[in-house]
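Asks: I would like to see how this sequence folds:
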Amino acid sequence: MRCLGSAAANYRVQNMGKKLDALFTRKFNTSKFSSLAKLAISRIAILKNRKQVRVSFAKSDVIQLLNLGYQERALLRVEHVIKDQSMADAFDMMEDYIHFLVDRVVQLEKNKECPDELKEAVSSLIFASSRCGECPELQEIRGIFTSRFGKEFAAGAVELRSNCGVNSYIIENLSGRQPSLESRKKLLKGIATENGIILNLVEDDPVVAQENFPCRPPPAAAPPPPPARSSSSSQTFFARRSCTDHREEGNTKT
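Replies: Below you'll find the model as predicted:
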């Protein structure tokens with residue numbers, strides 16, 4: 001009797017646990033996710049194209065400044081090229097991640113914990129949604145992932161906790177940090193090389209500049225020093241001066 005009572009109690013506990021899981025764990029809404037994914041892909045494509053257009057305009061400005069000889073101003077302008085290109089690359093990665101998850105939506109439905117093979121895509125999109133306010137659909141997708149895999153999982157991606165799974169490249173592109181001087185110089189040199197423009201930045205090491213631009217004309221030679229007076233000309237000058245002095249003395253005596 002005791003065994004039967006114990007078994008019945010265990011059954012009730014397990015059954016209650018299943019009901020609680022069903023109560024607190026929401027079912028993955030496949031249709032809503034698919035609809036949001038399509039909208040997000042369309043919006044991200046538009047945002048990416050805008051950034052690419054801005055990159056193209058900024059590059060044109062850089063080339064024009066270089067042709068006019070304003071290399072220092074071009075070095076400042078190239079910062080916009082780097083920032084806009086970074087955002088365009090980030091949008092490209094978001095688009096790829098969404099396509100990847102749409103093709104594997106069955107795995108999102110079946111697993112209450114995020115599968116390892118989907119962790120990078122899910123975590124990276126959650127992180128991107130916290131850094132990109134231009135795509136509201138991405139915020140809603142983040143909400144679906146949060147309700148499915150838990151608040152701790154989502155917080156780990158947003159806060160970049162250890163083993164969060166967020167792609168390091170998308171972290172870098174969405175960091176918003178100022179491009180370093182080295183990265184700006186590198187891109188500026190690349191643009192100059194593509195357009196056959198010779199750079200002459202003040203900060204450049206002349207040895208490095210010569211290696212990067214072998215066709216650069218050599219620096220203008222220094223003007224030759226004035227010719228030194230020969231000893232004969234000096235003697236002639238002093239001889240004439242001596243004759244003049246003698247004449248002046250003779251006139252004075254007379």
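Asks: Which residue, other than its chain neighbours, is closest to Val102?
Replies: Ala37 (5.1 Å; Cβ to Cβ, 6 or more residues apart in numbering). C-beta here means a position set from N, CA and C on the backbone, and glycine is covered the same way.
Asks: what's the burial count for that neighbour?
Replies: For Ala37, the number of neighbouring residues by other Cβ atoms under 10 Å comes to 20.
Asks: which ones are touching it?
Replies: Neighbouring residues of Ala37 by Cβ atoms under 8 Å, 6 or more residues apart in numbering: 98, 101-102, 141.
Asks: So it, which state does it fall into?
Replies: Put simply, Ala37 is helix when judged by DSSP: H, G, I helix; E, B strand; the rest coil.
Asks: can you pull the pLDDT of it?
Replies: The confidence metric pLDDT takes the value 97 at Ala37.
Asks: just to revisit the earlier point, buried subset of the contacts of Ala37, written for PyMOL?
Replies: To isolate in PyMOL the members of those that are buried, counting by 16 or more other Cβ atoms under 10 Å, one can use:
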select buried, resi 98+101+141
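Asks: And the residue nearest to Val102, how far from Phe145?
Replies: Using Cβ to Cβ, to the nearest Å, one obtains 12 Å as the distance from Ala37 to Phe145.
Asks: what's the answer for Ile41, then?
Replies: Remark: distance between Ile41 and Phe145 (Cβ to Cβ) = 16 Å.
Asks: neighbour-wise, which of these two wins?
Replies: Set side by side, Ile41 and Phe145 show more neighbours around Phe145, with 23 against 17, by other Cβ under 10 Å.
Asks: Show me the contact partners of the host helix or strand of the more buried one.
Replies: Here Phe145 sits within helix 136-149, counting by DSSP states H and E. Residues from elsewhere that reach helix 136-149 (Cβ under 8 Å, 6+ apart): 26, 28-29, 32-33, 36-37, 39-40, 43-44, 94, 98, 108, 112-114, 122, 125-126, 128-130, 132, 153-154.
Asks: for stretch 176-191, same thing?
Replies: With Cβ under 8 Å, 6+ apart as the test, stretch 176-191 has contacts from 59, 62-63, 66, 71, 74-75, 78-79, 81-83, 131, 197, 199, 201, 203-204, 212.
Asks: about what we covered before: any chance of a ChimeraX selection covering the buried ones in the contacts of helix 136-149?
Replies: Here is the ChimeraX selection string for the buried members of the contacts of helix 136-149, based on 16+ other Cβ under 10 Å:
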select :28,33,36,37,39,40,43,44,94,98,108,114,122,125,126,128,129,132,153,154
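Asks: So what does Asp116 look like in phi/psi?
Replies: phi -60, psi -40 (degrees, to the nearest 10).
Asks: Distance check, it against Val106.
Replies: Plainly put, Asp116 is 16 Å away from Val106 if you go by Cβ to Cβ.
Asks: dump the residue contacts of the nearest residue to Val105 once chain neighbours are set aside.
Replies: Of all residues not flanking Val105 in the chain, Thr30 sits nearest, at 5.7 Å (Cβ to Cβ, 6+ apart). The neighbours of Thr30, taking Cβ under 8 Å, 6+ apart as the test, are 105, 108-109.
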